[in-house]
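1. Could you work out the structure for the sequence below:
(3 chains)
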Amino acid sequence: MDYIKAFMVGGAICVLGQILIDKTKMTSARILVLFVVIGVFLGGIGLYPRLVEFAGAGASVPLPGFGNILAKGVMQEVDRAGFIGILTGGIKAAAAGIAAAVLFSFAAALIFEPKAK
Amino acid sequence: MNMSKKEYGEMVKKASPNSRLVSNCVKAFVVGGLICTFGQVLYAMFGALGAGREMSGTLVAVSLIFLAILATGIGKYDDLAKFAGAGAGVPITGFANAVAAPAIEFKKEGYVMGVGAKMFLIAGPVIVYGTLSSMVVGLIYYFVR
Amino acid sequence: MQKRCGAQTVLFANPVGIMAAASIVGPKEGEGPLGAKFDRVEKDPMLGVESWEKAESELVKAAAKAAAEKARVAMDDFDYIIAGDLMNQSTGSIFGLRETMRPYLGIFGACSAIGEGMSIGGMLIDGGFASKVLCLASSHFCSAEKQFRFPLEFGSQRPPTSSWTVTGAAGVVLGAAAGPSVMGCTTGKMIDMGVKDAHNMGAAMAGAAADTIAAHFEDASRTADYYDLIITGDLGYVGQELLLELMKKKGHDIAHKHRDCGIEIFDRNTQDTHSGGSGCACSGVVFAAFFLERMKSGEIGRILFVPTGALMSPVSVQQGESIPGIAHAVVIENVRTCGQ
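-> Numbers count the residues shown, from 1 in each chain, chains lettered A, B, ... in the order given. Coordinates of the predicted model:
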């Protein structure tokens, strides 16, 4: 059941992105930004965590899930450290994802050559 | 030319074929759904190995990022994205692809100004606006909690 | 003799012979419907060098050499080399030609480069300022993607109106020769139809093509009947439809005479090239390998060759500018005897 929910919700979020690409001619960079920002705000008002509760990876793997982590992190840090948490919380929560992307991408740049299509 | 840009815009619209929205959406749904399902499988696996909820979530993200960047390096992720569109672009794997692709492409311009400077050419805005909006959320939360 | 004829057109006093033309292309172009006709099909899109930009320069170098050899002209005998490409500051042309040590004119007309080059070269020769001119145009799919769109490994979908940048280079040697000759040219104006979509360059250029072709008919008092074929550069399927409609509105029906190099070079059904081919090399290599050969065989006698260009840069697109188009018409006719 968890898998079906993850499939359905994850697929549906991607379909939203596809409609934006095909109907608005927005570039993919803009769509990624939009999705993350939406994720942050839905996380901030507590809606996105409920979706994650329901769909698991179906909600956490798409980019709004990344935004949700930023929101969750900033609120936790504000609870823990007060005002300074506004600055530190977001990036701290996203650190693993960003650092992994930097590390693996750097390694990929070392190993692989650009390829033609 | 005695034709307004608006009139020409109408002509262009008529002459330009539209994207195949339905078939694109079906592909995005299936591929995006499968990537998430795979994430769920990993999540259960890490859980079974004894990782807590938070740790499992982080490990899932890191694993998917690793696999997407590997696929980018061997030149397969762009094939997947060509087929699946947002199905490959919206999951965290699409973010990873957006970081790795310029890193590989711009290595010819050197490791500092090429790889280093261009790595976040596409994904940088995600970090910038994600961080900024997290601060907005944090600020509001600070006053209303 | 008055050579200027109307607002935009020049008709030469003597035909300027096309001594030879050469085409070098990449693997995908080699797999297309014209594959067997090109002078050389490179198997490796990086041509054994280490970057896409250097690969494009290699294509330019090879096209220059091949064109000179076919025309039996030593590199040192060219009075001018005129070249254009799509890269920032003409990277493709400059680094492919820096060892030629010949007077060099670098041009930018986006994908209309070969038309611009042949126009200038023809005028130089007819004006008596040169006797042999080498015109070159090049583009490379990968260097163009990297500069104008996204890194190649980045996953994205191309909309159906987009075109596929041709990897290749073409060289045309102008001088004294019988056979297909440049008789004159109509230099295009920049025409901005207000198109902002960088994935629909056919639409951005169709207005310019229509404007130049109509101006040529007006200036030279000709109609489409004068020509066997009217060949545009890289309008693609979308741009072709728009061009024919615009021409009809101007009172010219060119539907049965129109061909487009971007449509000829790829098979849209099997090669996933959407609206067709584009890039400076597109019109150049198709002209050199296909239409010029058809003229030499006598199958066609008169063409109006109209390479088209979308005058945009990555910066202009990001700043929300619309894309002006340009088209340069070159009159080419079979001449039985050598010019003078």
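2. tell me the contacts of B:Phe29?
-> Contact analysis of B:Phe29 by C-beta atoms under 8 Å, 6 or more residues apart in numbering or on different chains lists A:11-12, A:14-15, B:87. Every residue, glycine included, has its C-beta placed from N, CA and C.
3. And these, which of them are buried?
-> Buried by 16 or more other C-beta atoms under 10 Å in any protein chain shown: A:11-12, A:14-15, B:87, out of the contacts of B:Phe29.
4. so of those, which ones are in strands?
-> Assigned to strands by DSSP state E, none of the buried ones among the contacts of B:Phe29 qualify.
5. hmm, which two among these are most spread apart?
-> Largest separation among those by C-beta to C-beta: A:Ala12 and B:Gly87, giving 11.0 Å.
6. Residue of chain C closest to chain A, please.
-> Of all residues in chain C, C:Pro45 sits closest to chain A, at 3.9 Å by C-beta to the nearest C-beta.
7. Excluding covalently adjacent residues, which one is nearest to that residue?
-> Once flanking residues are discounted, C:Pro45 sits nearest to A:Ala116: 3.9 Å by C-beta to C-beta, 6 or more residues apart in numbering or on different chains.
8. same check, this time on B:Ala123
-> Ranked by C-beta to C-beta, 6+ apart and with sequence neighbours excluded, the top spatial neighbour of B:Ala123 is B:Ala98, at 4.1 Å.
9. Neighbours of the one you found, how many?
-> 32 (other C-beta atoms under 10 Å in any protein chain shown).
10. What parts of chain C come near chain B?
-> Counting by C-beta under 8 Å from any C-beta of the partner chain, the residues of chain C close to chain B are C:50-51, C:53, C:146, C:150-161, C:191, C:193-195, C:200, C:203, C:207, C:210-211, C:238, C:241-242, C:245-246, C:249.
11. which parts of chain B sit against chain C?
-> Near chain C, when you scan chain B using C-beta under 8 Å from any C-beta, you find B:1, B:3, B:5, B:8-9, B:11-12, B:15-19, B:24, B:72-73, B:75, B:77-82, B:85, B:88-89, B:94, B:97-98, B:100-102, B:104-106, B:108, B:121-122.
12. now with 7 Å?
-> Within chain B, the positions near chain C by C-beta under 7 Å from any C-beta of the partner chain are B:1, B:5, B:8-9, B:11-12, B:15-17, B:19, B:72, B:75, B:77-78, B:80-82, B:85, B:88-89, B:94, B:97-98, B:100-102, B:104-105, B:108, B:122.
13. re the thing from before, ok, the residue of chain C closest to chain A - contacts?
-> Applying C-beta atoms under 7 Å, 6 or more residues apart in numbering or on different chains to C:Pro45 gives the contacts A:116, C:26-27, C:55, C:142, C:167.
14. Let me see the backbone angles for C:Lys132.
-> Per-residue torsions, C:Lys132: phi -140, psi 130 (degrees, to the nearest 10).
15. which residue packs closest to it, ignoring adjacent ones?
-> Counting by C-beta to C-beta, 6+ apart, C:Gly175 is the residue found nearest to C:Lys132 once chain neighbours are left out, at 4.2 Å.
16. Indicate the residue of chain A located nearest to chain C.
-> For chain A, C-beta to the nearest C-beta, closest residue to chain C: A:Ala116, 3.9 Å.
17. Which residue is the nearest non-sequential neighbour of A:Ile13?
-> Computed as C-beta to C-beta, 6+ apart, the closest residue to A:Ile13 that is not its neighbour in sequence is A:Pro62, at 4.3 Å.
18. remind me, longest helix of chain B?
-> helix B:21-48 (DSSP state H).
19. quick revisit: doesn't the residue nearest to B:Ala123 belong to a strand?
-> No: assigned with DSSP: H, G, I helix; E, B strand; the rest coil, B:Ala98 falls outside any strand and is helix.
20. residue contacts, it?
-> For B:Ala98, the contacting residues are A:32, B:122-123, C:154, by C-beta under 7 Å, 6+ apart.
21. Tell me which entries of those lie within helices.
-> Per DSSP H, the contacts of B:Ala98 map to helices at A:Leu32.
22. hmm, which of the residues of chain C next to chain B are the buried ones?
-> Among the residues of chain C next to chain B, those classed as buried by 16+ other C-beta under 10 Å are C:51, C:53, C:146, C:150-161, C:191, C:193-195, C:200, C:203, C:207, C:210-211, C:238, C:241-242, C:246.
23. out of those, which touch chain A?
-> C:152, C:156-157.
24. Among the residues you listed, find me the one that's closest to B:Ser133.
-> Proximity of these to B:Ser133 was ranked by C-beta to C-beta; the top entry is C:Ser156 with 24.1 Å.
25. Does the closest one touch A:Ser28 like I think?
-> Yes: in this structure, C:Ser156 is within contact of A:Ser28 by C-beta atoms under 7 Å, at 5.3 Å.
26. Return the set of buried residues in the helix or strand where C:Ala62 lies.
-> Using DSSP states H and E, C:Ala62 sits in helix C:52-71. Neighbour counts using 16+ other C-beta under 10 Å place C:52-64, C:66-71 of helix C:52-71 among the buried residues.
27. Let me see the mean pLDDT of it.
-> If you average the pLDDT over helix C:52-71, you get 98.
28. quick one on the thing from earlier: which of the residues of chain B next to chain C are buried?
-> Buried members of the residues of chain B next to chain C, scored by 16+ other C-beta under 10 Å, are B:8, B:11-12, B:15-16, B:19, B:72, B:75, B:77-78, B:80-81, B:85, B:88-89, B:94, B:97-98, B:100-102, B:104-105, B:108, B:122.
29. tell me the secondary structure for the spatially most central residue of chain A?
-> Most central in chain A under C-alpha atoms, centre = their mean is A:Phe66, positioned 2.1 Å from the mean C-alpha point. Three-state call for A:Phe66 (three-state DSSP): helix.
30. May I ask you to confirm that it is in contact with B:Ile92?
-> Yes: shown here, A:Phe66 and B:Ile92 form a contact pair, counting by C-beta under 7 Å, at 6.1 Å.
31. Show me the common contact partners of the two, please.
-> Shared contacts of A:Phe66 and B:Ile92 (C-beta under 7 Å, 6+ apart): A:Gly97.
32. and chain C, which residues reach chain A?
-> So chain C meets chain A at C:45, C:141-142, C:152, C:156-157, C:197 (C-beta under 7 Å from any C-beta).
33. circling back: among the buried ones among the residues of chain B next to chain C, name the ones in helices.
-> Using DSSP H, those in helices are B:8, B:11-12, B:15, B:72, B:77-78, B:80-81, B:88-89, B:94, B:97-98, B:100-102, B:104-105.
34. and the one helix or strand A:Gly58 maps to, what does it pack onto?
-> Under the criterion of DSSP H and E, A:Gly58 resides in helix A:57-60. Here helix A:57-60 touches helix A:2-24, helix A:47-55, helix B:21-48, going by 3 or more C-beta pairs under 7 Å, 6 or more residues apart in numbering or on different chains; DSSP states H and E.
35. and the ones you listed as CSV, adding mean pLDDT?
-> Formatted as CSV, the helices and strands packed on helix A:57-60 follow (pLDDT from 0 to 100):
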stretch, mean pLDDT
helix A:2-24, 96
helix A:47-55, 97
helix B:21-48, 97
